[in-house]
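Visitor: Provide a 3D model corresponding to the input given below.
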Amino acid sequence: MTGWSRATTTPQYENPRRLAARVAHRQHLTELHAAGRLVMAEPWQDDSGALLVFRGDQAEVEAIMAADPHYRAPGVCVDSLRQWRPIVGSAPPPRPA
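Guide: Next comes the predicted model:
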């Protein structure tokens with residue numbers, strides 16, 4: 001099973017547009033998780049960004065990010081989008097059909 005991880009950084013200042021997009025962003029992530037497309041999402045301890053792990057192909061993950069208002073807010077930057085495959089521990093269950 002392969003998936004995609006994405007790392008983001010956000011500025012340390014509180015931009016009003018970014019803060020306004022946060023509620024919709026978290027709702028979007030909740031819906032993706034319920035649909036089996038998002039495995040996990042965790043912010044960095046210092047709140048400078050986050051790591052999200054998706055299930056799907058690259059085009060699907062890019063479409064997910066394009067639909068999320070958070071990534072259009074000033075200062076939000078996707079640092080990397082990388083394919084991964086777990087080798088230790090249990091892999092997330094397959095995406096629902």
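Visitor: beyond the lowest-mean-pLDDT helix or strand in the chain, next helix or strand please.
Guide: Ranked by mean pLDDT, DSSP states H and E, the weakest helix or strand in the chain is strand 3-9, scoring a mean of 60. Per DSSP states H and E, the first helix or strand lying C-terminal to strand 3-9 is helix 16-34.
Visitor: would you mark the buried spots in that next one?
Guide: Of the residues in helix 16-34, 18, 21, 25, 28, 29, 32 count as buried by neighbour count, 16 or more other C-beta atoms under 10 Å. All C-beta spots, glycine's among them, are computed from the backbone N, C-alpha and C.
Visitor: again with stretch 72-90
Guide: Buried residues in stretch 72-90, counting neighbours by 16+ other C-beta under 10 Å, are found at 73, 76, 81.
Visitor: for the residues you listed, which one is nearest residue 52?
Guide: Of all the buried residues of stretch 72-90, the one with the least separation from residue 52 (C-beta to C-beta) is residue 81, at 9.8 Å.
Visitor: show the pLDDT at the residue of the chain positioned farthest from its centre.
Guide: Relative to the C-alpha centroid of the chain, counting by C-alpha atoms, centre = their mean, residue 88 is the outermost residue, at 21.9 Å. With respect to pLDDT, residue 88 scores 73.
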